[in-house]
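Chemist: below: sequence and its predicted model.
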2 protein chains.
Amino acid sequence: MTTENARKGLQLRSIITKDATLELSLVSQETPPPKADEVIVRIEASPLNPSDMGLLFGGAEMDGAEAAGTADSPVITAKLTPPVMAAMAGRVGESMPVGNEGAGEVIEAGDAPEAQALLGKTVAILGGAMYSQYRKMRASDCLVMPEGTTAVDGASCFVNPLTVLGMLGTMRLENHTALVHTAAASNLGQMLSKLCAQDGVPLVNIVRKQEQVDILKGIGAKYVVNSTSATFKDELTDMLVETGATLAFDATGGGRLAGQILAAMEVAAIRTAAEYSRYGSTIHKQVYIYGGLDRGPTEFNRAFGMAWGIGGWLLTPYLQNIGAEGAQKLRERVASEITTTFASTYTKEISLAEALTLDAIAVYGKQATGEKYLIRPNMGV
Amino acid sequence: MTTENARKGLQLRSIITKDATLELSLVSQETPPPKADEVIVRIEASPLNPSDMGLLFGGAEMDGAEAAGTADSPVITAKLTPPVMAAMAGRVGESMPVGNEGAGEVIEAGDAPEAQALLGKTVAILGGAMYSQYRKMRASDCLVMPEGTTAVDGASCFVNPLTVLGMLGTMRLENHTALVHTAAASNLGQMLSKLCAQDGVPLVNIVRKQEQVDILKGIGAKYVVNSTSATFKDELTDMLVETGATLAFDATGGGRLAGQILAAMEVAAIRTAAEYSRYGSTIHKQVYIYGGLDRGPTEFNRAFGMAWGIGGWLLTPYLQNIGAEGAQKLRERVASEITTTFASTYTKEISLAEALTLDAIAVYGKQATGEKYLIRPNMGV
């Protein structure tokens, strides 16, 4: 297993060319041999996360994408509009590997004891270029899976699990005691629901379809509200009074939802306040936007006093903020609960070549609830 | 001067009645005698600040206000719309005194030495109910004006001076090095411009009329940009590149300006960044909304990566945050520079009764640049 051939494999690449075209393809490349403290992982499973889509598609108009090449060596092209092209100036001409996270088997290791100790182990890894058959990693960056855990089990150890742990950590750091979450029936939302139940944190789940209410109720969620209901604002306000939630994580970004949440938090705060305050409630109300499912503009009426904030939230700065030791504790918790609290489910497993078909892109590119794909780079090889 | 009569005087009151009507009037009332550590201030000057308008008018429709009563005892009434009335539920039926700050002479003092020491002194005071002829205060809450300073000089010692000092303090606390300010030709804006010049902090001033550009250029401002200019975005971006400003204080609140500032900050950050970052610039960009000159909705397109925030900003939480000692230092700086850096100008001095005329309300109620009124409660008495 340690021959040179075992390190030669396919890698998915995304490039934006000067003529405003996105091109997705597979390249064959050889991974250099590991240094003393490095290992080679044969990647068995890597999820197509919403957070991968930006780098993968580069904001191109995928509805008009075209397919070329062969079944084994497909090529997808799509055009970029001028404003998107302007925003992508920094990556034009650069062939970029994609895929934030994955899991696989360590098939080769450097001479250092910590590298040798990983030989044959199933590990989860984070760091880009995971839509590849082989990936060189530092041994210390590999998260060893507990005995009996498969690479499919461990494929999504980082992005969703650390994000939901980061949401709870942010809540505690900023002195809130309960959470609101939107697009709450997503893979990540279900994970957050399980984590909050486990940690005893009240969670208000906002969804927009009855079947999403049913999904969350089905896994035991207590507070679920449908934003398309005629009584949405009142239901939400009652839940905010009951839970005391003053922090929301919003995956949608666009539209009026963030402002509606802040306004409901304000009504809830005033309902429970002792006396009139001329600038509105003095309790800080915060919405963090961590996704952009709604690409439209964000709009709100500031009907929520002066103690409020809306901002972007990303996992990486949070992890930097809590430091290496804090982040390591989170990773260890994920590994120990990867088949329970932090388990992910996928609707389909596909090869690298299948990931570059118009049919597959039409499904996983939509980021719809309950349609999550898993890439198996070495499946059937 | 220490007779009972010297403590009996007029006070401006604002009340919202159950039938959704605002009523403004003057009441005659006697101030209780001072306790040992208290003094009685005969208020000589108190400004009509934008931050007073919320409590004074209660969101009523002042364009349709009606006048009644006599010249000496005027009564103004105006209607409230149902949504505003709902927001004002907490103050219905309560006759509220108004006026955040003022200055005057200490005419009576309690027995304690710190109170006696203030007799005959000109002091600046903060704490509401300043649109009154007499105001009881704790001696320790009086800011003694330097020799030769009049009550008119000292009338605006707190709201604007502490706000501009708070903006600079927030900038330093949150690790920014330069500022952006909107509605920048206001009384407060000119003060901020003078303070930034004195402290060596680069300040980008955004205004919307050429005469406002001229006002700021006239007092030595280096960076002034007109938001109605066809080249606004480019000019603003260039100024942000030059100054490195990543924090803005926005007095307008509504509309697209806050988002435009964040978008320009993002372009400036990317222009000066070393390499492409997939989630946009990693530099945190912040806009604090501290006023609501534009009552319309706030709208933005999130074309500024993930490291951003928009939020409300108020002086009081900032002062609580820096603690009693920090706040006292700021007040002492204001007192020592009240006729220079922190000097205010007024277009007209009016009596309490004149403040309750439709003509006066039509001017000071607009909060227009260069139209600031000063109430002189004991003028001509």
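Modeler: Looks like it came in fine. Predicted model only: the values in this text are computed from it and were never measured. Residues are numbered from 1 along each chain as shown, chains lettered A, B, ... in the order given.

Chemist: make sure A:G255 is actually in contact with A:L293.
Modeler: No: with contact defined as CB atoms under 8 Å, A:G255 does not reach A:L293; the gap is 9.6 Å. Yep, even glycine has a C-beta here, placed from its N, CA and C like the rest.

Chemist: tell me the pLDDT of the residue of the stretch 1-150 of chain A found nearest chain B.
Modeler: In the stretch 1-150 of chain A, no residue comes nearer to chain B than A:G90, which is 3.1 Å away by CB to the nearest CB. Note on A:G90: pLDDT of 84.

Chemist: A:I310 versus that one, what's the distance?
Modeler: 26 Å (CB to CB, to the nearest Å).

Chemist: dump the residue contacts of the closest residue to A:A71 other than its chain neighbours.
Modeler: Spatial nearest neighbour of A:A71, excluding adjacent residues (CB to CB, 6 or more residues apart in numbering or on different chains): A:A353 at 6.4 Å. A:A353 sits next to A:L26, A:A71, A:D72, A:S73, A:P74 when contact means CB atoms under 8 Å, 6 or more residues apart in numbering or on different chains.

Chemist: tell me which two of the residues you listed sit farthest apart.
Modeler: A:L26 and A:A71 (11.1 Å; CB to CB).

Chemist: neighbour count winner among these two?
Modeler: A:L26 (24 against 9; other CB atoms under 10 Å in any protein chain shown).

Chemist: longest helix anywhere in chain A?
Modeler: Determined from DSSP state H, the single longest helix within chain A is helix A:315-336.

Chemist: which strands and helices sit next to that one?
Modeler: strand A:143-144, helix A:159-173 (3 or more CB pairs under 8 Å, 6 or more residues apart in numbering or on different chains; DSSP states H and E).

Chemist: can you dump the C-alpha coordinates of stretch A:35-53 into CSV?
Modeler: What follows is stretch A:35-53, C-alpha atoms only, in CSV (Å, rounded to 0.1, in the frame of the first residue of the first chain):
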residue,chain,number,x,y,z
LYS,A,35,7.5,14.1,5.6
ALA,A,36,8.4,12.6,9.0
ASP,A,37,5.3,14.1,10.8
GLU,A,38,2.9,13.6,7.9
VAL,A,39,0.6,10.8,6.7
ILE,A,40,-1.2,10.0,3.4
VAL,A,41,-5.0,9.5,3.8
ARG,A,42,-7.0,7.6,1.2
ILE,A,43,-10.2,9.6,1.3
GLU,A,44,-13.3,7.4,1.5
ALA,A,45,-16.0,10.0,2.2
SER,A,46,-16.4,13.8,2.0
PRO,A,47,-19.7,15.7,2.2
LEU,A,48,-21.0,18.4,-0.1
ASN,A,49,-21.7,21.0,2.5
PRO,A,50,-23.3,24.4,1.8
SER,A,51,-20.0,26.0,2.9
ASP,A,52,-18.3,24.1,0.0
MET,A,53,-20.6,25.6,-2.7
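
Chemist: so is the helix or strand of chain A with the lowest mean pLDDT next to chain B?
Modeler: Confidence across the helices and strands of chain A bottoms out at helix A:82-87, with a mean of 89, counting by mean pLDDT, DSSP states H and E. Yes: judged by CB under 8 Å from any CB of the partner chain, helix A:82-87 comes into contact with chain B at A:A87.

Chemist: please apply the same query to stretch A:246-263.
Modeler: Yes: using CB under 8 Å from any CB, we find that stretch A:246-263 touches chain B at A:G253, A:G254.

Chemist: how near is the closest residue to A:P32 other than its chain neighbours to A:F342?
Modeler: In space, and not counting its chain neighbours, A:P32 is closest to A:K136: 6.7 Å by CB to CB, 6+ apart. Note on A:K136: its distance to A:F342, by CB to CB, is 26 Å.

Chemist: check A:E23 too.
Modeler: For A:E23, the distance to A:F342 - CB to CB - is 35 Å.

Chemist: of those two, which one has the most company?
Modeler: Ranked by neighbour count (other CB under 10 Å), A:E23 and A:F342 place A:F342 first, with 24 against 17.

Chemist: ok, for that one, nearest residue in space, not its chain neighbours?
Modeler: A:P161 (4.1 Å).

Chemist: name the residues of the least confident helix or strand of chain A that are buried.
Modeler: Of all the residues in helix A:82-87, those buried under the rule 16 or more other CB atoms under 10 Å in any protein chain shown are A:V84, A:M85, A:A87.

Chemist: so in that sheet, which strands flank the next helix or strand after that helix, and in what orientation?
Modeler: Next in sequence after helix A:82-87, counting helices and strands by DSSP states H and E, comes strand A:96-97. Looking at strand A:96-97 with DSSP bridges, its partner strands are strand A:8-17 (antiparallel).

Chemist: may I have the strands that pair with the following helix or strand past the partner strand, each with its orientation?
Modeler: As assigned by DSSP H and E, the chain's next helix or strand after strand A:8-17 is strand A:21-30. Strand pairing for strand A:21-30, using DSSP bridges, gives strand A:8-17 (antiparallel), strand A:74-79 (antiparallel).

Chemist: of the ones you listed, flag the one that's most buried.
Modeler: Ranked by mean neighbour count, those are led by strand A:8-17 with a mean of 20 (mean count of other CB atoms under 10 Å in any protein chain shown).

Chemist: what residues are up against A:A245?
Modeler: By CB under 8 Å, 6+ apart, the neighbours of A:A245 are A:H176, A:T177, A:A178, A:L179, A:V180, A:P202, A:L203, A:V204, A:M239, A:M265.

Chemist: what about it, distance to chain B?
Modeler: To chain B, A:A245 is 18 Å away according to CB to the nearest CB, to the nearest Å.

Chemist: which ones are touching A:M88?
Modeler: A:I16, A:G58, A:G59, A:L80.

Chemist: try it again with 10 Å
Modeler: With contact set as CB atoms under 10 Å, 6 or more residues apart in numbering or on different chains, A:M88 has these partners: A:I16, A:A20, A:L22, A:G58, A:G59, A:A60, A:L80, B:Y276, B:R278.

Chemist: likewise for A:V164?
Modeler: A:V164 makes contact with A:179, A:181, A:188-196, A:249, A:334, A:341-342, according to CB under 10 Å, 6+ apart.

Chemist: name whatever forms a beta bridge with A:G312.
Modeler: When assigned by DSSP bridges, A:G312 has beta-bridge partners A:I289.

Chemist: which residues of the stretch 151-300 of chain A lie near chain B?
Modeler: Residues of the stretch 151-300 of chain A lying near chain B by CB under 10 Å from any CB of the partner chain: A:253-254, A:256, A:259, A:262, A:266-267, A:270, A:273, A:275-280, A:282, A:284-292, A:295-300.

Chemist: off-centre distance for the helix or strand hosting A:I361?
Modeler: Assigned by DSSP H and E, A:I361 belongs to helix A:358-364. Distance of helix A:358-364 from the chain centroid (CA atoms, centre = their mean, to the nearest Å) equals 18 Å.

Chemist: helix or strand right after that helix?
Modeler: Following helix A:358-364 in sequence order, the next helix or strand is strand A:373-375 (DSSP H and E).

Chemist: the helices in the stretch 51-200 of chain A, which residues?
Modeler: Here the stretch 51-200 of chain A has its helices, by DSSP state H, counting those that start in this stretch, at A:82-87, A:113-116, A:151-154, A:159-173, A:187-199.

Chemist: pLDDT below threshold where in chain A?
Modeler: A:1-5, A:276, A:368-370, A:380-381 (pLDDT under 70).

Chemist: what about A:A264, distance to B:D72?
Modeler: 47 Å.

Chemist: now do A:T31
Modeler: For A:T31, the distance to B:D72 - CB to CB - is 91 Å.
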